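Participant: The amino acid sequence is not available; the structure is as follows:
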């Protein structure tokens, strides 16, 4: 343990030791199976028992003895325990990654696809360590600093957590919520969920997925499920506002309006679409708003129309906002005239309480890990249970990955935690294990934040975690900082 500043303490916990029984294996991609869209995870497949056993027999007949293995889904608050599906692995184990990779190359030459995998990273592995757990505890009573979220110069850019820490001159920084990772899914760096920074709502929520609510002075941290009745009042009438500071038509993690495809419910690491949307932009988005077909009205500070464009894409001046429209909604914006008033309803709420205002930060996350002092993992409600794609559940929920999470204990302290993973000396955690660690640390409310290659913690400018990406520390969408 070491003090960072008044009211802020870093605790570093190391647990466990390497298990000699954990070995490298080769896991196969079953033809016809759906691969996980998670950019953190290599393709993997879970199939029904018959398909997996048929493929294992085919591999065996080709000189690669293999077996179908059952994968169990543990019970969560909204997903029953049961068989998720069956994976296919070669029967042999390998002492090193290089040896397993050599076998993968042999398989590839024979027309098969697989990957080298360390069995200690399996969520049901008997391996118990090693783990490194970094815990920052913030006690609001002696705390005299500032606690907030930050996203850097613009929403559509990504920066490393170390860079965001330097920009804020922070004593502590850790990566925050989920964000757009692939340009095909929207603007890189854009929060894929609710975002309130310095009291300003800059990104809409993903359905009612939970969020972490923080305040500058560190008091009254909370985890809630927000609502956002976004709307715009135009001369032609009131319309639903689909989004805030995001590329129209692309809804990362879904959870938008009823006309979105394939669903309006949260669906993690999936990009839903909508060919007719109204999206509001502020200068925080970036140098220019997204370009493309549709219409765009530029608004002044009071919400009056300054000018209207017959296509999308412009640079906003300080104090300006713009309303973009696509598809059959474009006409409602194109018919606006200078001087018309556009009123946008942008308040994010929890019950009747606004989650905006001076000193407030909201960071998106999910699933919920703990509620009212008990483990309460809302895997399905928050879009981390994908019935049509069990490979996602397998890789994202069940297997061990680097994790970042946060919570509040019974004393009103806020805890921020990172756990390294996907390395031989750092196993990572399944979601069930993440909830168990949150409970063991004394949290009574807890939420999972972005993890995988994004997991990072910075203390006094130095990265103390060990990123899992081969390229090193990842640039992220936002961060939580203490100074």
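Facilitator: Structure's in. What do you need? Everything numeric in this text was worked out from a predicted model, so none of it was measured. Residues are numbered from 1 along each chain as shown.

Participant: if I pick residue 294, what's in contact with it?
Facilitator: By Cβ atoms under 8 Å, 6 or more residues apart in numbering, the contact set of residue 294 is 248, 311-312, 324-327, 330, 333. The C-beta positions use only the backbone N, C-alpha and C, and glycine is treated the same way.

Participant: Which of these has the largest number of neighbours?
Facilitator: Greatest neighbour count in the contacts of residue 294, by other Cβ atoms under 10 Å, goes to residue 324: 29 neighbours.

Participant: now that one: how far from residue 216?
Facilitator: To residue 216, residue 324 is 32 Å away according to Cβ to Cβ, to the nearest Å.

Participant: Then residue 297?
Facilitator: With Cβ to Cβ as the criterion, residue 297 and residue 216 are 34 Å apart.

Participant: quick one: the closest residue to residue 169 other than its chain neighbours and residue 333, what's the gap?
Facilitator: Nearest residue to residue 169, sequence neighbours excluded (Cβ to Cβ, 6 or more residues apart in numbering): residue 483, at 5.9 Å. Distance check for residue 483 against residue 333: by Cβ to Cβ, it reads 41 Å.

Participant: Would you confirm that residue 313 contacts residue 292?
Facilitator: Yes: if you go by Cβ atoms under 8 Å, residue 313 and residue 292 touch, sitting 6.9 Å apart.

Participant: Residues that sit against both of these two, list them.
Facilitator: By Cβ under 8 Å, 6+ apart, no residue touches both residue 313 and residue 292.

Participant: For residue 358, report the pLDDT, please.
Facilitator: On the pLDDT scale, residue 358 is placed at 93.

Participant: Contact partners for it?
Facilitator: When the contact criterion is Cβ under 8 Å, 6+ apart, the partners of residue 358 are 198-199, 216.

Participant: Tell me the secondary structure of it, please.
Facilitator: Put simply, residue 358 is coil when judged by DSSP: H, G, I helix; E, B strand; the rest coil.

Participant: roughly how far apart are it and residue 197?
Facilitator: Applying Cβ to Cβ to residue 358 and residue 197 gives a distance of 12 Å.

Participant: cool, and residue 2?
Facilitator: Counting by Cβ to Cβ, the gap from residue 2 to residue 197 is 29 Å.

Participant: more crowded one of those two?
Facilitator: Comparing residue 2 with residue 197 by other Cβ under 10 Å, the one with more neighbours is residue 197, at 20 against 8.

Participant: coming back round to it: tell me the two of the contacts of residue 294 that are most distant?
Facilitator: For the contacts of residue 294, the maximum inter-member distance is 13.6 Å, found between 311 and 327 (Cβ to Cβ).

Participant: which secondary structure element contains the closest residue to residue 197 other than its chain neighbours?
Facilitator: Setting aside the residues directly before and after it, residue 197 is nearest to residue 149 in space (Cβ to Cβ, 6+ apart), at 5.3 Å. Using DSSP states H and E, residue 149 maps to strand 147-150.

Participant: Check what contacts that strand and list those residues.
Facilitator: 138, 164, 167-168, 176, 195-198, 214-218, 359, 361-363, 414, 478-482.

Participant: repeat that with 7 Å
Facilitator: Strand 147-150 is contacted from outside by 138, 164, 168, 176, 197-198, 214, 216, 218, 361, 363, 478-482, using Cβ atoms under 7 Å, 6 or more residues apart in numbering.

Participant: again with stretch 207-226
Facilitator: 7, 138, 140, 143, 146-149, 193-194, 205, 227, 255, 265-266, 348-350, 355, 359-366, 368, 382, 406, 408, 414, 445, 447.

Participant: Now find how far off-centre that stretch is within its chain.
Facilitator: Relative to its chain's centre, stretch 207-226 lies at 16 Å (Cα atoms, centre = their mean, to the nearest Å).

Participant: try stretch 432-442
Facilitator: 19 Å.

Participant: Flag every buried residue along that stretch.
Facilitator: 432-435, 437-439, 441 (16 or more other Cβ atoms under 10 Å).

Participant: Then stretch 287-307?
Facilitator: 289-290, 294-299, 305.

Participant: and if you look at stretch 373-393?
Facilitator: Neighbour-count burial for stretch 373-393 flags 375-386, 389-393 (criterion: 16+ other Cβ under 10 Å).

Participant: quick one, what contacts the residue most central in space within the chain?
Facilitator: The chain has residue 178 as the residue nearest its centroid, 2.8 Å off, counting by Cα atoms, centre = their mean. Shown in contact with residue 178 (Cβ under 7 Å, 6+ apart): 192-193, 253, 364, 450.

Participant: would you turn those residues into JSON lines with secondary structure, pLDDT and distance to residue 45?
Facilitator: Below are the contacts of residue 178 laid out as JSON lines (DSSP: H, G, I helix; E, B strand; the rest coil; pLDDT from 0 to 100; distance: Cβ to Cβ, whole Å):
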{"residue": "192", "secondary structure": "coil", "pLDDT": "97", "distance to residue 45": "25"}
{"residue": "193", "secondary structure": "coil", "pLDDT": "97", "distance to residue 45": "28"}
{"residue": "253", "secondary structure": "strand", "pLDDT": "98", "distance to residue 45": "22"}
{"residue": "364", "secondary structure": "strand", "pLDDT": "98", "distance to residue 45": "29"}
{"residue": "450", "secondary structure": "coil", "pLDDT": "98", "distance to residue 45": "24"}
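
Participant: Need the max-distance pair from those residues.
Facilitator: 253 and 450 (11.1 Å).

Participant: which one of the two has more residues nearby?
Facilitator: Taking other Cβ under 10 Å, residue 253 and residue 450 do not tie; residue 450 has more neighbours (30 against 27).

Participant: Nearest residue to the more buried one in space, please, no chain neighbours.
Facilitator: That would be residue 178: by Cβ to Cβ, 6+ apart, it lies 4.9 Å from residue 450.

Participant: Please apply the same query to residue 355.
Facilitator: residue 348 is the one closest to residue 355 (Cβ to Cβ, 6+ apart), at 4.4 Å.

Participant: How many residues are close by that neighbour?
Facilitator: Residue 348: 26 surrounding residues under other Cβ under 10 Å.

Participant: who's in contact with it?
Facilitator: 194, 196, 201, 205, 226, 228, 355-356, 362 are the contacts of residue 348 under Cβ under 7 Å, 6+ apart.

Participant: if we go to 10 Å?
Facilitator: If you count contacts by Cβ atoms under 10 Å, 6 or more residues apart in numbering, residue 348 has them with 194-196, 201, 203-205, 211, 213, 224, 226-230, 244, 354-356, 360, 362.

Participant: what's the answer for residue 415, then?
Facilitator: Applying Cβ under 10 Å, 6+ apart, the residues contacting residue 415 are 11, 135-138, 221, 405-409, 438, 441-443, 446.

Participant: Span of stretch 165-184 from start to end?
Facilitator: One end of stretch 165-184 sits 28 Å from the other (Cα to Cα, to the nearest Å).

Participant: ditto for stretch 440-459
Facilitator: 23 Å.

Participant: Of the contacts of stretch 207-226, keep whichever come out buried.
Facilitator: For those, buried by 16+ other Cβ under 10 Å: 7, 138, 140, 143, 147-149, 193-194, 205, 227, 255, 265-266, 348, 350, 355, 360-366, 368, 382, 406, 408, 414, 445, 447.

Participant: now, which of these lie within strands?
Facilitator: If you go by DSSP state E, these have 138, 147-149, 266, 350, 360-364, 368, 406, 408, 414, 445, 447 in strands.
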